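*Asks:* got a sequence here, can you build the structure:
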Amino acid sequence: MSKTNWVLEPTHSEIGFKVKHMMITNVSGSFGAFSASAKTEGDDFSTAEIEFTADVASVNTGNDQRDGHLKSGDFFDAENHPQIKFVSNKVEKKGDADYIVHGDLTIRGVSKPVAFNAELGGIGKDPWGNEKAGFSINGKINRTDFGLSWNAALEAGGVLVSEEVKFHSELQLVRG
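*Replies:* So this is what the prediction gives:
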């Protein structure tokens, strides 16, 4: 069977994350510049070969000082590692619309195997005849596994920034 190409529809997609701050509240952020593509056999996303990149310079937490710190050598080191990249190596179908996407995530030049939960919201045609597929993708990683180890101890115990980073993304792909 020939491969079907799917590309990101960026105006209906978002990449978000949350990190616990001071062990008491979550700080949210996003990446404004990213791309994604998938190759499938027809509409069967369990056969998908997926690639995703995010531009580190586009990180946005709503605070310029914090965003600058995230881009610095303490965290992403955007000057030397301008992109975050994910390449899938297996997609497991777990239900009618549920998948686990396995692959290698590269942050700051460090690649590690990860798995994300993906839910297919559906496939449909827009008013202009373009076929689209929508996904909600969730997961978490330990940021220190990727060399993002900066932190500060708190006087009352604990640390300023959690090691766990939770991801939530909404992606809309269009058949290319």
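*Asks:* quick one, what contacts Asp77?
*Replies:* By CB atoms under 8 Å, 6 or more residues apart in numbering, the contact set of Asp77 is 71, 108. C-betas here are computed from N, CA, C, even on glycine.
*Asks:* list of residues touching stretch 138-154?
*Replies:* Surrounding stretch 138-154, the residues in contact under the criterion CB under 8 Å, 6+ apart are 19, 22-23, 74-76, 105, 107-110, 112, 114-117, 159-161, 163-169.
*Asks:* which of these are buried, as a ChimeraX select command?
*Replies:* Restricted to buried positions by 16 or more other CB atoms under 10 Å, the ChimeraX selection for the contacts of stretch 138-154 reads:
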select :19,75,76,105,107,108,114,116,161,165,166,167,168,169
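*Asks:* narrow the contacts of stretch 138-154 to those in strands?
*Replies:* Within those, residues falling in strands by DSSP state E are 19, 105, 107, 110, 112, 114-117, 161, 163-169.
*Asks:* now do the strands in the protein.
*Replies:* For the chain, the strands defined by DSSP E occupy 3-8, 14-21, 25-31, 34-41, 44-55, 59-60, 83-93, 98-107, 110-125, 131-142, 161-175.
*Asks:* measure the nearest residue in space to Ala118 that is not next to it in sequence to Ala48 for me?
*Replies:* Distance criterion CB to CB, 6 or more residues apart in numbering; nearest residue to Ala118, sequence neighbours excluded, is Tyr99 at 4.4 Å. Using CB to CB, to the nearest Å, Tyr99 is found at 8 Å from Ala48.
*Asks:* what sits in contact with each of these two?
*Replies:* With CB under 8 Å, 6+ apart as the test, Tyr99 and Ala48 both reach Val91.
*Asks:* list the beta-bridge partners for the nearest residue to Asn117 once chain neighbours are set aside.
*Replies:* Leaving aside its sequence neighbours, Asn117 sits nearest to Asn138 (CB to CB, 6+ apart; 4.9 Å). Per DSSP bridges, the residues bridged to Asn138 are Asn117, His168.
*Asks:* could you report the neighbour count for Asn138?
*Replies:* By the other CB atoms under 10 Å criterion, the neighbourhood of Asn138 contains 12 residues.
*Asks:* so where's the chain uncertain?
*Replies:* 1, 151-152, 154, 156-160 (pLDDT under 70).
*Asks:* can you rerun that using 90?
*Replies:* 1-2, 19-27, 42-44, 66, 69, 73-75, 143-144, 146-165, 176 (pLDDT under 90).
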